[in-house]
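S.K.: Dropping the sequence and predicted coords here.
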Amino acid sequence: MVPDRAAVADPAGTGAQAPLKTPGPGTAPPRSRKRAGGTGTRLALMAVPAVFFGVFFGYPVVSIVLRGLREDGRWQLGRAAAVLSDPRVLDVLWFTGWQALASTALTLAAALPGSYVFARFAFPGKQVLRAVVVVPFVLPTVVAGSAFLALLGRGGMLDELWGLRLDTSVWAILLAHVFFNYAVVVRTVGGLWAQLDPRQEEAARVLGASRFAAWRRVTLPALAPALAAAALMVFLFTFTSFGVVQILGGPRYATLEVEIYRQTAQLLELPTAAVLTLLQFAAVAAVLGVHAWTVRRRESTLRLVEPAHTARRPRGAGQWALLWSNVALIALLILLPLGVLVERSLDGPGGYGLTFYRALGSTGGGTFSVAPLEAVGNSLAYAAVATVIALVVGGLAATALTRRAGRLVRGFDALLMLPLGTSAVTVGFGFLIALDEPPLNLRSSWFLVPLAQALVGVPFVVRTMLPVLRAVDARLREAAAVLGASPLRAWREVDLPLVRRAVLVAAGFAFAVSLGEFGATVFIARADNPTLPVAVARLLGRAGELTYGQAMALSTILMLVCAVALLTLERLRTDRSGEF
């Protein structure tokens, strides 16, 4: 999400200068021609992503908002004041804000020690543990909700052992958010911490500073941009939380995203939903603006070293205790909920077995018009198509952003991140409203689902490929151009061989997040072609031991598919700085 050490290097023109030459009449200077050519190439590369986001993100969102704010051709601007004065809406706003702040604070408190452990310690199984930590982040929120429901809910492990239920409570929501976002802090802060030269802190100790004073005055200021970026990302994800709150919060708790869904899908109150969407959009835009500022500050102020030079085996009882305490925390926070999820999927009416998995092959219960197991094939096919779209659109965008420039490019970069923070419910419903007339009559088309999934995958592709592309020496491209290569051939011969693994990693992330997209697909996935997250949510919404067990079984299948994709891309990574 936040660029790694490759993004720290200045990618701007450090190559050979153009030869001095007096331009003839009507001929632009070589440097001007180069700048003009670079601008033209950049704009050409930006065209496809800009059109894609304009048609499949901007147009549906604007259409649904305008439909909600206009009635009989007149603007209903007074609706905003009525909505914002509604006591229920004010309660939702209050809960959305404070639970996001509380979730962020708890996540930072839980994950910062883990960031240090992964940054500074070398120990057996470190790479496997790194992959395990990230599994919850790429899981769909409905699976995270299902895991905590199996642990904390009615009939869950805590209920059976001690009669303790935490579902429909705020604590279940907060714990699930920490579970889901733990990796954001570990990978973002830990990735930077691993690249800070420990000799700077050691020098402060030699000059008489205590261990804490040295950390506070030397390391903490260097980590501040990454800490701020991680905190803002966690806040963004929890502020727009939908699946976790929908499953664990019950009727008592609702975020803005959940309330938008209720107003849109259940009450058909589009004006209220439109006002809430604009409110959420404004808040998210402000958060992304601060996030972009912290990223730029981090890129321009830090000088980093190779992570391999900073990690060592723990020394002394204190460091070993810190290591094992974090392993225990990961086991309780991450492995236990996932393990309980698997256990519940196997605990059938006649004892442990595959009863619920076999039941996925039948259409009994009337929840779907097809067998729930078909959702596995549907999701894999949808995610594969979405991954191809995300790679094409995100790859072109990342190439256009390779050389940092002015406000236009920074604005384009921010645009690519907006789908992560905009209401997915609004996007999904906007698809139904806006894309139902020629020439974009896609409402009944299967292609609508991968398009919505690709919107979420593109930011991950950009954030994965961009640092690697920026690390490519610009002089290699210039040499290819001097030898007569076209920009396309120079990219194919110079950039592509160097970024091939980054493309595979980006594909893995895009596939995982596409597989788990829920907020938009819950509107547009057809009953005869459900995706895995939609199938899980619908099964959980029906009473009965069978449907609950089927939901646990489908969640386990989805978790395993995401975990395999993640472990595969972790093995492909060449950059171990810890960024997404």
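M.R.: Received, thanks.
S.K.: got any ranges where the protein has weak pLDDT?
M.R.: 1-39, 71-74, 76-77, 291-309, 364-369, 403-410, 421, 471-473, 569-580 (pLDDT under 70).
S.K.: show me where it has strands.
M.R.: In the chain, the strands defined using DSSP state E lie at 70-71, 74-75, 347-348, 351-352, 436-437, 440-441.
S.K.: Please identify which of the ones you listed is closest to residue 359.
M.R.: strand 347-348 (8.8 Å; C-beta to C-beta). All C-beta spots, glycine's among them, are computed from the backbone N, C-alpha and C.
S.K.: strands paired with the closest one, and their directions?
M.R.: If you go by DSSP bridges, strand 347-348 pairs up with strand 351-352 (antiparallel).
S.K.: From the chain's centroid, how far away is the partner strand?
M.R.: On the basis of C-alpha atoms, centre = their mean, to the nearest Å, strand 351-352 sits 36 Å off its chain's mean C-alpha point.
S.K.: please begin residue numbering at 4 from this point
M.R.: In the new count, where the first residue is 4, that last one comes out as strand 354-355.
S.K.: on that earlier part again, just name the most buried of the strands of the chain.
M.R.: Stretch with highest mean neighbour count among the strands of the chain: strand 350-351 (a mean of 18; mean count of other C-beta atoms under 10 Å).
S.K.: Might you quantify the distance of that strand from its chain's geometric centre?
M.R.: 33 Å.
S.K.: Repeat that for stretch 125-141.
M.R.: Centre to centre, stretch against its chain (C-alpha atoms, centre = their mean), the figure for stretch 125-141 is 17 Å.
S.K.: Buried residues in it, which are they?
M.R.: Neighbour counts over stretch 125-141 (16 or more other C-beta atoms under 10 Å) mark 126, 132, 133, 134, 135, 136, 137, 138, 139, 140, 141 as buried.
S.K.: now do stretch 280-292
M.R.: Buried residues in stretch 280-292 (16+ other C-beta under 10 Å): 280, 281, 282, 283, 284, 286, 287, 290, 291.
S.K.: Which residues does that stretch contact?
M.R.: The contact list for stretch 280-292 (C-beta atoms under 8 Å, 6 or more residues apart in numbering) reads 64, 67-68, 71, 83, 87, 96, 235, 238-239, 242-243, 259-260, 263, 417, 420-421, 424-426, 429.
S.K.: ok so, going back, would you mind putting the buried residues of stretch 125-141 into a markdown table with distance to residue 104 alongside?
M.R.: Output for the buried residues of stretch 125-141, formatted as a markdown table (distance: C-beta to C-beta, whole Å):
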| residue | distance to residue 104 |
| --- | --- |
| 126 | 34 |
| 132 | 29 |
| 133 | 28 |
| 134 | 30 |
| 135 | 27 |
| 136 | 23 |
| 137 | 24 |
| 138 | 26 |
| 139 | 21 |
| 140 | 20 |
| 141 | 25 |
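S.K.: Who are the contact partners of the nearest residue to residue 154 once chain neighbours are set aside?
M.R.: Nearest residue to residue 154, sequence neighbours excluded (C-beta to C-beta, 6 or more residues apart in numbering): residue 343, at 4.6 Å. By C-beta under 8 Å, 6+ apart, the contact list for residue 343 reads 150, 153, 154, 159, 160.
S.K.: what's the answer for residue 179, then?
M.R.: With contact set as C-beta under 8 Å, 6+ apart, residue 179 has these partners: 147, 148, 151, 247, 251.
S.K.: how many neighbours does the third one have?
M.R.: Residues near residue 151, counting by other C-beta atoms under 10 Å, number 26.
S.K.: try the fourth one
M.R.: For residue 247, the number of neighbouring residues by other C-beta under 10 Å comes to 27.
S.K.: any idea how far residue 552 is from it?
M.R.: Distance of residue 247 to residue 552, given as C-beta to C-beta, to the nearest Å: 21 Å.
S.K.: And the first one, by the same measure?
M.R.: Residue 147 sits 18 Å away from residue 552 when distances are taken as C-beta to C-beta.
S.K.: got it, and the last one?
M.R.: Remark: distance between residue 251 and residue 552 (C-beta to C-beta) = 19 Å.
S.K.: Looking at the two, which is more packed in?
M.R.: In this view residue 251 and residue 552 are compared by other C-beta under 10 Å, and residue 251 has more residues nearby, 28 against 22.
S.K.: Quick one: residues contacting the more buried one.
M.R.: Contact analysis of residue 251 by C-beta under 8 Å, 6+ apart lists 148, 151, 152, 155, 156, 170, 171, 175, 176, 179.
S.K.: Quick check: of those residues, which has the highest neighbour count?
M.R.: Scoring the contacts of residue 251 on neighbours with other C-beta under 10 Å, the highest-scoring entry is residue 148 at 31 neighbours.
S.K.: what residues are up against residue 147?
M.R.: Residue 147 is in contact with 139, 179, 182, 183, 246, 247, 340, counting by C-beta under 8 Å, 6+ apart.
S.K.: Go again with 7 Å.
M.R.: Residues near residue 147 by C-beta atoms under 7 Å, 6 or more residues apart in numbering: 139, 179, 182, 183, 247.
S.K.: Show me what counts as buried in stretch 529-542.
M.R.: For stretch 529-542, using 16+ other C-beta under 10 Å, the buried residues are 529, 532, 533, 534, 535, 536, 537, 538, 539, 540, 541, 542.
S.K.: need these in JSON lines with distance to residue 384, can you?
M.R.: Listed next are those as JSON lines, based on distance: C-beta to C-beta, whole Å:
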{"residue": "529", "distance to residue 384": "13"}
{"residue": "532", "distance to residue 384": "9"}
{"residue": "533", "distance to residue 384": "12"}
{"residue": "534", "distance to residue 384": "10"}
{"residue": "535", "distance to residue 384": "12"}
{"residue": "536", "distance to residue 384": "15"}
{"residue": "537", "distance to residue 384": "14"}
{"residue": "538", "distance to residue 384": "14"}
{"residue": "539", "distance to residue 384": "18"}
{"residue": "540", "distance to residue 384": "19"}
{"residue": "541", "distance to residue 384": "19"}
{"residue": "542", "distance to residue 384": "20"}
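S.K.: all helices in the stretch 454-583 of the chain, in order from the N-terminus.
M.R.: Secondary structure of the stretch 454-583 of the chain (DSSP state H, counting those that start in this stretch): helices located at 477-485, 490-493, 499-519, 524-527, 535-543, 548-575.
S.K.: Next, the angle from the first one to helix 499-519.
M.R.: The reference is to helix 477-485. Helix 477-485 and helix 499-519 are oriented at 110 degrees to each other (axes from the mean of the first three to the mean of the last three C-alpha atoms, to 10 degrees).
S.K.: which strands and helices sit next to helix 477-485?
M.R.: The helices and strands touching helix 477-485, judged by 3 or more C-beta pairs under 7 Å, 6 or more residues apart in numbering; DSSP states H and E, are helix 490-493.
S.K.: ok, now which ones touch the nearest residue to residue 444 once chain neighbours are set aside?
M.R.: Among residues not flanking residue 444 along the chain, residue 438 sits closest, at 7.2 Å (C-beta to C-beta, 6+ apart). Neighbouring residues of residue 438 by C-beta under 7 Å, 6+ apart: 63, 445, 446, 451.
S.K.: what's the distance between the spatially closest residue to residue 207 that is not a sequence neighbour and residue 115?
M.R.: Closest residue in space to residue 207, ignoring its immediate chain neighbours: residue 217 at 3.9 Å, by C-beta to C-beta, 6+ apart. Separation of residue 217 from residue 115 (C-beta to C-beta): 17 Å.
S.K.: do residue 53 as well
M.R.: In this view, residue 53 and residue 115 are 38 Å apart by C-beta to C-beta.
S.K.: One more: residue 97?
M.R.: On the measure of C-beta to C-beta, residue 97 and residue 115 end up 27 Å apart.
S.K.: for residue 100, same thing?
M.R.: In terms of C-beta to C-beta, residue 100 sits 23 Å off from residue 115.
S.K.: try residue 359
M.R.: From residue 359 across to residue 115, the span is 39 Å (C-beta to C-beta).
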